[in-house]
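K.L.:
let me see the structure of the following:
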Amino acid sequence: MVHPTHERERLMTTATKRKPQEHPLSARIEVTSSAHADLRRDWRDWLLPGTPMPDQITRDQLLEELQGEGIDIGERRLMYWVTQGVLPRPWRRWHEGAPRAFYPTWMIDVISELHTFQDAGLSLEKIKPKVQRTIFSKSSIPDPYARPQETARAAIAEYVRTHERFTGKRVSAVEVQMLDENGNILDSFDFPVIHSTDD
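P.N.:
Just a heads-up that it's a prediction; the model follows:
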């Protein structure tokens, strides 16, 4: 027979060892909030700091303008590019009594370029950094990559000349890619190699 005092001490010891139970929804709420924060990111987050707010058009107006240029993509394809991270999300705000999706007017040029790249057979992985650079160029402040790229081009041109001199083979174009640790393309740029008439 267990003495009542000993049984009471055993129960108190067990209670102190028990960890407080976490609310079953707390972890889910934290993850959901983080996901919603990502969904709130739109094309304004793609602009360089200090860029003034550009003129804007609705998604319907954007698609109509693109159709006028012979680019009939439709809303589904546009949103596919968005979900793949190639294009930024629209800025959703209240307008004329309803929430509407807004894009900067220069998004017409961005999507036109994207469409051209796809017609040329480039993958979305390669198109994405090119689109980001185009968006940089639409900012009213200088592209931060412009000067380093010019330096890189000069160095690569010298490398190409050395390669051609030792191999006897001409190089027609060069593509530079920056990859992350998983091999995903972070940025890329390419340029044709121009030979002088004396070569």
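K.L.:
and Pro52, its phi and psi?
P.N.:
phi -60, psi 150 (degrees, to the nearest 10).
K.L.:
right, I mislabeled it, should have said Glu175
P.N.:
Residue torsions, per degrees, to the nearest 10, at Glu175 are phi -120, psi 130.
K.L.:
list the buried residues of stretch 105-113.
P.N.:
Neighbour counts over stretch 105-113 (16 or more other CB atoms under 10 Å) mark 106-108, 110-112 as buried. All C-beta spots, glycine's among them, are computed from the backbone N, C-alpha and C.
K.L.:
out of these, who's nearest Gln149?
P.N.:
When the buried residues of stretch 105-113 are ranked by distance to Gln149 (CB to CB), Val110 comes first, at 19.3 Å.
K.L.:
rewinding a little: between the buried residues of stretch 105-113, which is nearest Lys126?
P.N.:
Closest to Lys126, out of all of the buried residues of stretch 105-113 and judged by CB to CB, is Val110, at 15.5 Å.
K.L.:
so where does the residue nearest to that closest one when sequence neighbours are not counted fall, helix or strand?
P.N.:
With sequence-adjacent residues excluded and distances taken as CB to CB, 6 or more residues apart in numbering, Val110 is closest to Thr134, at 5.3 Å. Thr134 is part of helix 124-138, with elements assigned from DSSP states H and E.
K.L.:
which strands or helices does the helix or strand following that helix pack on?
P.N.:
As assigned by DSSP H and E, the chain's next helix or strand after helix 124-138 is helix 146-167. Judged by 3 or more CB pairs under 8 Å, 6 or more residues apart in numbering; DSSP states H and E, helix 146-167 is in contact with strand 173-179.
K.L.:
next, the buried residues of the strand it packs on.
P.N.:
Under 16+ other CB under 10 Å, the buried positions of strand 173-179 are Val174.
K.L.:
between it and helix 124-138, how big is the angle?
P.N.:
Comparing the axes of strand 173-179 and helix 124-138 via axes from the mean of the first three to the mean of the last three CA atoms, to 10 degrees yields an angle of 90 degrees.
K.L.:
render the CA-only coordinates of whichever helix or strand comes after strand 173-179 in CSV, please.
P.N.:
Next in sequence after strand 173-179, counting helices and strands by DSSP H and E, comes strand 185-192. Extracted as CSV, the C-alpha positions of strand 185-192 are listed here (Å, rounded to 0.1, in the frame of the first residue of the first chain):
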residue,chain,number,x,y,z
ILE,A,185,21.2,31.6,-61.8
LEU,A,186,21.3,34.8,-59.8
ASP,A,187,22.3,37.1,-62.6
SER,A,188,23.6,36.9,-66.2
PHE,A,189,24.6,39.1,-69.0
ASP,A,190,25.9,38.4,-72.5
PHE,A,191,27.5,40.5,-75.3
PRO,A,192,28.8,39.8,-78.8
